[in-house]
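1. Here is a sequence with its predicted model. Questions after.
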2 protein chains.
Amino acid sequence: MHIENVGEKLSSNMEDYLEAIALIEKDKGVARVKDISRLMKVKTPSVTSALNVLVDKGLVEHERYGYAELTKDGKRIAQDVLKRHKMLTKFLSSILKIDPQVAAGDACKMEHALSPETYKKLSTFVEFVETGSEVDRPLWLKGFDHYLKTGKRVQCKNKQALKKVKSRK
Amino acid sequence: MHIENVGEKLSSNMEDYLEAIALIEKDKGVARVKDISRLMKVKTPSVTSALNVLVDKGLVEHERYGYAELTKDGKRIAQDVLKRHKMLTKFLSSILKIDPQVAAGDACKMEHALSPETYKKLSTFVEFVETGSEVDRPLWLKGFDHYLKTGKRVQCKNKQALKKVKSRK
DNA sequence: TGAATATGTTAGTGTTATCTAACAAAGAAA
DNA sequence: TTTCTTTGTTAGATAACACTAACATATTCA
């Protein structure tokens, strides 16, 4: 009798395989060893052995020489990783203005390093910035953009606030 | 003749060892195998073998049964890692208000995942927030803090801006 | 249908990093 | 100085991943 190797925490590597399979499934319906291999930039034997592990853990279904498909559990984990990935990408590219290619690469590495707490707070931050009204959002984000480019802050035009600051010293 | 194994890019793991040695050196002057083992939460044979690698790469000096010391190159790399670590910790704890313990842990994992570009932009962001005048910094950061706690934005008091927004729809 | 091509798997290796158990050296205390 | 304790090293096992080379199955198309 065969007992499945479920439960034990997944390595970042295996998370990456799940993520890749999810992306390919979304794109093409089913994932084949070669697709995964291409996306992950590894050779096919590495994929085969990763699939064996994932099948053992009950996260993927895979018939010899056939397609790979995420199980319900596999999908759940993959969606979770993807969620972190997307949030990080958004943070890096739309707030920090990092080159999309670089942002994607960094997100890929960071998505495994985030604690739930950090994930939550960072998401909230992104949401705070993105959903802000036209009033306040671009106000300080544009200030940051300017600071990024020039290293200088935009002039403060609020007289009252200026006075407050000056009177401090 | 022995050719040193320099140049090749360092694994995150080895970066962590360098970082640990730097911290211990700063604290106690010299680093001993046991100190490193304690800080890295590994057994001493792991430290011995890591030191061998680092000595090979010319990043650490180490005599059998003696102290470990960073070389000039080792120091340079360790400082670099530490710089990333500190910046990340500051971002996580003072901007996102993440629990210091968690922030430290996440910083430790993320510090190896940052591209130079992301490092630069994120540093600039932290600097932008930290060095902002009393006028603008806490203004929106406090807004975020409030949003974190309540999920609601603070009321907009700028009539002109409000009008602008309303007239849009 | 039956080669030729494309795709997938197995077997065996190498690398990195961890561990335990056994041994060796240094330092402290008697 | 000799023993005890602490610390460090070596040897050898294990685990996760990647690779190449060789083999097996599917698919295509002539």
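-> On my side now, so go ahead.

2. contacts, neighbours, all on C-alpha from now
-> Noted.

3. Break down chain A into its helices, ranges please.
-> In chain A, helices defined by DSSP state H lie at A:12-28, A:33-40, A:44-56, A:72-90, A:100-110, A:116-130, A:137-150, A:159-166, listed in chain order.

4. Give me the buried positions along the third one.
-> This points to helix A:44-56. For helix A:44-56, the neighbour count (16 or more other CA atoms under 10 Å in any protein chain shown) marks A:44, A:47, A:48, A:50, A:51, A:54, A:55, A:56 as buried.

5. Neighbours of residue A:76, how many?
-> 14 (other CA atoms under 10 Å in any protein chain shown).

6. out of the buried residues of helix A:44-56, who's near DNA strand C?
-> A:44, A:47, A:48 (CA under 7 Å from any atom of the strand).

7. OK, contacts around the last one?
-> Under the criterion of CA atoms under 8 Å, 6 or more residues apart in numbering or on different chains, the contact partners of residue A:48 comprise residue A:33.

8. what about 6 Å?
-> Contacts for residue A:48 (CA atoms under 6 Å, 6 or more residues apart in numbering or on different chains) come out as none.

9. Distance check, it against chain B.
-> According to CA to the nearest CA, to the nearest Å, residue A:48 and chain B sit 26 Å apart.

10. and the gap between that residue and residue B:119?
-> According to CA to CA, to the nearest Å, residue A:48 stands 36 Å off from residue B:119.

11. With residue A:124 instead?
-> Separation of residue A:124 from residue B:119 (CA to CA) stands at 21 Å.

12. Rebuild the buried residues of helix A:44-56 as a markdown table, extending it with pLDDT.
-> Output for those, formatted as a markdown table (pLDDT from 0 to 100):
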| residue | pLDDT |
| --- | --- |
| A:44 | 98 |
| A:47 | 98 |
| A:48 | 98 |
| A:50 | 98 |
| A:51 | 98 |
| A:54 | 98 |
| A:55 | 98 |
| A:56 | 96 |
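
13. Can you give me the neighbour number for the closest residue to residue A:44 other than its chain neighbours?
-> The shortest distance from residue A:44 to any non-neighbouring residue, by CA to CA, 6 or more residues apart in numbering or on different chains, is to residue A:37 (5.5 Å). If you count neighbours by other CA under 10 Å, residue A:37 ends up with 18.

14. Chain A - how does it break down into domains?
-> Residue ranges for the domains of chain A, per automatic domain parsing: A:12-77, A:80-132, A:133-169.

15. between these, which gets nearest to residue B:16?
-> domain A:80-132 (14.9 Å; CA to CA).

16. What residue, apart from its backbone neighbours, is nearest residue A:24 spatially?
-> Leaving aside its sequence neighbours, residue A:24 sits nearest to residue A:31 (CA to CA, 6+ apart; 5.6 Å).

17. Report the contact partners of that neighbour.
-> A:21, A:24, A:25, A:67, A:68.

18. Go again with 7 Å.
-> Going by CA atoms under 7 Å, 6 or more residues apart in numbering or on different chains, residue A:31 touches A:21, A:24, A:25, A:67, A:68, A:69.

19. Of the residues you listed - the most surrounded one?
-> Neighbour max across the contacts of residue A:31 (other CA under 10 Å) = residue A:21, 28 neighbours.
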